[in-house]
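Q: build me a model from this:
(chains A and B)
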Amino acid sequence: MNLLPKQRRLPEAADQHHDPRAPISIHDMTVAYHRRPVLWDIDFAAEEGRLIGIVGPNGAGKSTLIKACLDLIPKASGSIRIYGQPYKKQRQLVGYVPQRESIDWEFPINALDVVTMGTYGKIAWCLPPRKKHRAAAYEALEKVGMAEYAHRQISRLSGGQQQRVFLARALVQDAQLYLMDEPFAGVDAATESAIIALLKDLKARGRTVLVVHHDLQTVKSYFDDVILLNMRIVASGPTATTFTEENLRTTYGGKLTLLVEAAEAIARGGKEGV
Amino acid sequence: MRGPAMLLVLPALVAVAVTAAAALGGDEFRRVLSLADYNTRIVVLGTTLLGAAAGLIGTFTYLRKRAMVSDALAHATLPGIAAAFLLVGQKEIVPLLIGGAIAGTLGVLCVMGLRRIPRIHEDAAIGIVLSVFFGVGLILKSAATQLSMGDQAGLDRFIYGTTAGLIRQDAWLIGLTAALILISVVLLFKEFRLLCFDAAYAHSLGRRVRLLDLLMMALVVITTVVGLQAVGLILVIALLIIPAAAARFWTDDLATMTWLSVEFGAASGFVGALISGSYANLPAGAVIVICAGVLFFFSMAFAPARGIVFAWWRRFALRRRIGRQHVLRALAEHEEAHGSERPLPFASLHQMRSWRRIELRDHIQRARAADELTIDPNDNIRLTPTGRVRAHRLLRNHRLWELYLIRYADVAPTHVDRDADLIEHVLPAAITVELERVLAEKRGAIPASPHPLGDVP
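A: Now for the predicted structure:
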């Protein structure tokens, strides 16, 4: 039995499953690490101009979902479209805020130069960023309230300030769709409210934002839609109707242990001939 | 000191050192240093350029955390060189270097491939590739040695390097490599910076991360291969890592760091070759690496912002300042309780905190030198008018902060003294004003202590 066929290249056939108006639509996606599935049969389509929270327990595959959307890790099966086109053609439309821990903060670079990286997508290979790119970066830093730290080396910023630099870098990309991996992790209250104001501003300008989020207390006040994730999508839709106690219990409770066991079995499959 | 000015310091120092050495040294020494000899010129030029090239590309492998991959690469060149020798059957240098480059590239690809296998981490992959390739290399080398009938086949020089044997052609090769790397880095500075800082983000911007990585490793392969004859495959890794690691101590700016690394590499090559040229028995590769090592340890110790000596000195100075402030505050609290007529004996002061005697003596000595207190022959201490003003300001800061912690941060009165101790010495004036505002305290008045003070007889 082959549960995880290699990704087949049939974009034309797959397109009928995708709504071309959706900022992002995911069809039947499965992702595996070393044969162990971490995401099963993900189906999801975002509505434009919404703030969407991705919520689930540790190891539920929240970061993996975002990374798979960005082609950072291979999919075992399924397809993803950004406004109806494969990600490769639509990179300019997608902004990414990685987890803060994924970075070496001792790197010799200041805040302004980090934010300027957000403009690199618009600059050809081999050309340096120009004045207008730096100006755009500075403006983004101002927007997140970090202009006075523009020339500070990034390890000398606090956790919340580092997170704001990352947000400014995504802002300067001026994308349509933003994927953010735990932007609220380990930030102070002031930064948290600054970030949420920024998200609301993006939404007001018609942008769509997917946010991996940990704090269940704030889900209802922050997000229009929510994806409850635990290896598969337990429920997704408007927060008011989706973020229910029952759905949460399914997401965080023990009901999905069979899924974990099946994943283990598949990971062992090569050796035991399951 | 910032940016461009900083970059002039090292060349100036080297020039001064060489001139001084030439003035003081003997004739033989002077002949080497003056570069009058054609061979010496070739060797010095070759190693200097090699150091610069390795320092340049090394900055980026260091920041990409690929430094040890270069080590595997260097060792992996040996089987290629020996195999090329067996195939071509002569000591023609270019085929050997091409063989080395191919095997080295293969080694890098093996490391990258092994890393993708679950449960094999990068360090293990490097260890495996390095030793297996080198082992195969040794076998092929011994076969080559036997074939060439006792002639050592000259392959040892690739392992240990024979700097003195550099010829015009080698210097050209190194020069071309340095130029190639310089052009690549200037053109791709933006891409390399992005790749080294955040490869996932680079990918999300549509940069071809794997291609950039391969390009970077290709430049390292070329540097390694042309460097083999000069310093040997064991030591060439040093030139790729040490200058970059040393440069990191001096600056937080990537461009400045890159040029500093070039300078450190070039200076090591230059000075190392001169020293080994002046003392013919010293192996040049080793001397060059030692020079780089000296630069590294000097940087680690004495770089102003990150060097350990300055960091240690700053900590020491802060400790001393805090200690002196504690003495003043203790005296102010004593006066508060007993009036300014009664002096505080040294022994009582010593009991008020967990001071070491010698430390306390030092604090008192420094406070007296600053005219903040007097101490009479019977070891009785009094504040001077200057000291009293300062002590009152300190005491006030301390009390304000204590009150703030109790009222707004919910810290228990019994703990507040210690917490206030930690912060009051670094309170900026602006925060003091803010404290006065939130606590609605009058300017200049010292609030009473919120906890019992240690009684002083």
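
Q: looking at the chain, which helix or strand does the model trust least?
A: Defaulting to chain A. Least confident element among the helices and strands of chain A, by mean pLDDT, DSSP states H and E: helix A:11-14 (a mean of 52).

Q: if you could check chain B rather than the one you did, that'd help
A: Least confident helix or strand, chain B: helix B:413-424 with a mean of 69, by mean pLDDT, DSSP H and E.

Q: which bits of chain A sit near chain B?
A: A:34, A:67, A:70-72, A:88, A:91-92, A:94, A:96, A:98, A:102-104, A:107-110, A:113-114, A:117, A:120-121, A:123, A:125-129, A:153, A:169 (Cβ under 8 Å from any Cβ of the partner chain). Glycine gets a C-beta too; all of them are placed from N, C-alpha and C.

Q: name the helix or strand for the residue positioned nearest the centre of chain A, please.
A: Chain A has A:L179 as the residue nearest its centroid, 3.3 Å off, counting by Cα atoms, centre = their mean. Counting by DSSP states H and E, the element that carries A:L179 is strand A:177-181.

Q: give me the helices and strands touching that strand, please.
A: For strand A:177-181, the packing partners by 3 or more Cβ pairs under 8 Å, 6 or more residues apart in numbering or on different chains; DSSP states H and E come out as helix A:62-69, strand A:94-97, helix A:159-172, strand A:208-212.

Q: 6 Å instead?
A: Packed against strand A:177-181 by the contact rule (3 or more Cβ pairs under 6 Å, 6 or more residues apart in numbering or on different chains; DSSP states H and E) you find helix A:62-69, strand A:94-97, strand A:208-212.

Q: on that earlier part again, look at the residue nearest to the centre of chain A and report its pLDDT.
A: pLDDT recorded at A:L179 is 95.

Q: try B:A17
A: Reported pLDDT for B:A17: 85.

Q: including distance to B:V287, mean neighbour count and mean pLDDT, could the helices and strands packed on strand A:177-181 go into a markdown table?
A: As requested, those are arranged in a markdown table below (distance: least, Cβ to Cβ, whole Å; neighbours: other Cβ atoms under 10 Å in any protein chain shown; pLDDT from 0 to 100):
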| stretch | distance to B:V287 | mean neighbour count | mean pLDDT |
| --- | --- | --- | --- |
| helix A:62-69 | 48 | 22 | 93 |
| strand A:94-97 | 48 | 26 | 93 |
| strand A:208-212 | 54 | 25 | 96 |
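
Q: can you show me the helices along the stretch 251-400 of chain B?
A: B:254-278, B:284-302, B:308-338, B:346-352, B:357-369, B:385-408 (DSSP state H, counting those that start in this stretch).

Q: so which of those is nearest A:I196?
A: Nearest to A:I196 among those is helix B:385-408 (25.0 Å), distances taken as Cβ to Cβ.

Q: helices or strands next to the closest one in the packing?
A: Packed next to helix B:385-408, using 3+ Cβ pairs under 6 Å, 6+ apart, are helix B:308-338, helix B:413-424, helix B:429-439.

Q: buried sites along it?
A: For helix B:385-408, burial by neighbour count (16 or more other Cβ atoms under 10 Å in any protein chain shown) applies to B:387-388, B:390-406.
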